[in-house]
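>>> structure for this input, please:
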Amino acid sequence: MSRVAVLQMTSAPEVEANLATARVLLERAHAEGATLAALPENFAIMGRKESDKGAVAENPGEGPIQAFLGHCARELGLWIIGGTIPIRVEAEPQRVASASLVFDERGRCVARYDKIHLFDVDVPDRDGQARNERYRESATVAPGSQPCVVPTPFGSIGMAICYDVRFPELFRVLQQQGAEILSLPSAFTAPTGKAHWELLVRARAVENLCYVLAPAQSGIHPNGRETWGDSLIVDPWGQVVSRVAEAGPGLAVAEIDRTVQQELRARFPALSHRRFSIVPPV
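Got it, this is the predicted structure:
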């Protein structure tokens, strides 16, 4: 068995302050016996404007945010899924990649996944309150195109980010490529989180008989945006085994038991009963 943690934050525009909060949470995860810790989407910056991420974007393999993740991983002996950070895109200087980086316990970056599905949405009014929430993530973020599954000592981790959760075909590809754990750093809006967050996270776990690690942003940010929180760890049967029940920074910790997962997949072989296949992009 392996002990894992999901970290919840209320990130602000100041990178240094966010990294300090992340460090405290990573130290807590380590103290509670976690050997893998996952940070939320945009953990290093939630700018006052969407374009603010461009000012702190880093080149691949260098920069203070990446150095921070590597240092924390090495010093604490943790595998770290670094939520998302802005990485420069050489071909599109006006946009960045929303990249989720994985660092091993020696501080080496061993994988990168760029968010594929971008949040270009007018949030609907479904609770009787007038809303004016409009998001155009594609204006500042260049989409990725390739699925990513990372071999780790805890199992193979399939990478996804926030809005990706609404596209089950991505998760089918990840499972076909061997994923046993799904990583889902997020910053769900409050109305969409209230309506769909837990439902979608548990559905992706059930469909693919995978654990899901879903660290999230939570609370009201300086830019006025409110995020839902409710960071979750869900088992392959779709049960929530740990969660951050309160708003604001915190963490949830749980055990991952791959033996139990393998036994479940053998007794309930839904994955082998599939009659349609999903072809990943070339």
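>>> just the C-alphas of stretch 163-177, formatted as PDB.
This file holds the C-alpha atoms of stretch 163-177, laid out as PDB (Å, rounded to 0.1, in the frame of the first residue of the first chain):
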ATOM      1  CA  TYR A 163     -12.100  20.600 -17.400                       C
ATOM      2  CA  ASP A 164     -10.700  17.400 -18.900                       C
ATOM      3  CA  VAL A 165     -12.900  15.600 -16.400                       C
ATOM      4  CA  ARG A 166     -15.900  16.200 -18.700                       C
ATOM      5  CA  PHE A 167     -14.400  14.200 -21.600                       C
ATOM      6  CA  PRO A 168     -14.500  10.600 -20.600                       C
ATOM      7  CA  GLU A 169     -12.900   9.500 -23.900                       C
ATOM      8  CA  LEU A 170      -9.600  10.900 -22.600                       C
ATOM      9  CA  PHE A 171      -9.800   8.800 -19.500                       C
ATOM     10  CA  ARG A 172     -10.500   5.700 -21.600                       C
ATOM     11  CA  VAL A 173      -7.300   6.300 -23.500                       C
ATOM     12  CA  LEU A 174      -5.400   6.700 -20.200                       C
ATOM     13  CA  GLN A 175      -6.800   3.500 -18.900                       C
ATOM     14  CA  GLN A 176      -6.000   1.700 -22.200                       C
ATOM     15  CA  GLN A 177      -2.500   3.000 -21.800                       C
END
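>>> any low-confidence regions in the stretch 51-200 of the chain?
126-131 (pLDDT under 70).
>>> other residues contacting stretch 162-171?
In this structure, residues lying in contact with stretch 162-171 by CB atoms under 8 Å, 6 or more residues apart in numbering are 41, 115-119, 137, 147, 158, 160, 179, 182, 184-188, 196, 200-201, 203-204, 207-208, 210, 278. C-beta coordinates here come from the backbone N, C-alpha and C atoms, glycine included.
>>> one more time with 6 Å
Contacts of stretch 162-171 with the rest of the structure, by CB atoms under 6 Å, 6 or more residues apart in numbering, involve 41, 117, 119, 184, 186-187, 200, 204, 208, 278.
>>> gap between it and the chain center?
Taking CA atoms, centre = their mean, to the nearest Å, the mean C-alpha location of stretch 162-171 is offset from the chain mean by 12 Å.
>>> assign a three-state SS to Ser242, would you?
Using DSSP: H, G, I helix; E, B strand; the rest coil as the criterion, the local structure at Ser242 reads strand.
>>> my read is that it contacts Ala252, right?
Yes - Ser242 is in contact with Ala252 according to CB atoms under 6 Å; the separation is 4.0 Å.
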